[in-house]
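> coords below, sequence missing:
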């Protein structure tokens, strides 16, 4: 598939779990702002989908917490992947992890459908699993891992740490929990 710098095209590729997209954004330093926008859009979609449960403060607080959580998860993943569990060919910087993991949030835009009565739990669960799979692919590509197992381990460790952080932040902001 030919690569384009269009945000929409990149988000679709990311949601399709296209490893070549993650390689492309890893190398494209200019894609960092796009990755951040994907995280913001995904967070806003979550807020819209949960608006009846958390209201406007939840939408605003949730977006801020999601951005902080994205940065934290990317940093933790970078640190674990390059310091604790690197492979011989692993070579990455924080920007590469920010870009790839930001795009792994693309399926989160579907969380807007959580606003459909009775759909909230199913939508959040399914998009959460989808985003975790995308995150594993993003990490595998950014850290130049040969297999998926190590990337899965790095993501699960990072996810656990990030989840504790997010639950703490949601408790402080009162914005309500959401799956990262």
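Structure's in. What do you need? Keep in mind that what you see is a predicted model, and the values were worked out from it rather than measured.
> most centrally placed residue in the protein?
Per C-alpha atoms, centre = their mean, the C-alpha nearest to the average position across the chain is that of residue 105, at 3.7 Å.
> elements contacting the lowest-mean-pLDDT helix or strand in the chain?
In the chain, the helix or strand scored least confidently by mean pLDDT, DSSP states H and E is helix 51-79, which has a mean of 79. Packing partners of helix 51-79 (3 or more C-beta pairs under 8 Å, 6 or more residues apart in numbering; DSSP states H and E): helix 32-49, helix 94-103, helix 148-173. Every residue, glycine included, has its C-beta placed from N, CA and C.
> which residues touch the second one?
The reference is to helix 94-103. Under the criterion C-beta atoms under 8 Å, 6 or more residues apart in numbering, residues 10-11, 14, 21-22, 25-29, 31-32, 34-36, 38-39, 70-71, 73-75, 77-78, 81, 134-135, 138-139, 141-143 lie in contact with helix 94-103.
> now do the closest residue to residue 151 other than its chain neighbours against residue 98, distance only.
With C-beta to C-beta, 6 or more residues apart in numbering as the criterion, residue 151 has its nearest non-adjacent residue at 3.8 Å, and that residue is residue 140. Separation of residue 140 from residue 98 (C-beta to C-beta, to the nearest Å) stands at 16 Å.
> mind listing what residue 42 touches?
By C-beta under 8 Å, 6+ apart, the contact set of residue 42 is 66, 105-109, 111, 131.
> recalculate using a threshold of 6 Å.
Going by C-beta atoms under 6 Å, 6 or more residues apart in numbering, residue 42 touches 105, 108-109.
> cool, residue 149 as well?
Taking C-beta under 6 Å, 6+ apart as the contact definition, residue 149 lies against nothing.
> how many residues are close by the residue nearest to residue 151?
Neighbourhood size, residue 140 [other C-beta atoms under 10 Å]: 23.
> again with the one 5 residues further on
Applying other C-beta under 10 Å, we find 22 residues neighbouring residue 145.
> what's the answer for residue 48, then?
Other residues near residue 48 come to 15 when the count uses other C-beta under 10 Å.
> next one: it, what pLDDT does it get?
Confidence at residue 48, expressed as pLDDT, is 80.
> now for it: which residues touch it?
residue 112.
> go again with 7 Å.
112, 115 (C-beta atoms under 7 Å, 6 or more residues apart in numbering).
> how close does it sit to residue 108?
11 Å.
> likewise for residue 127?
To residue 108, residue 127 is 6 Å away according to C-beta to C-beta.
> neighbours of the nearest residue to residue 86 once chain neighbours are set aside, how many?
The shortest distance from residue 86 to any non-neighbouring residue, by C-beta to C-beta, 6+ apart, is to residue 143 (7.3 Å). Residues near residue 143, counting by other C-beta under 10 Å, number 26.
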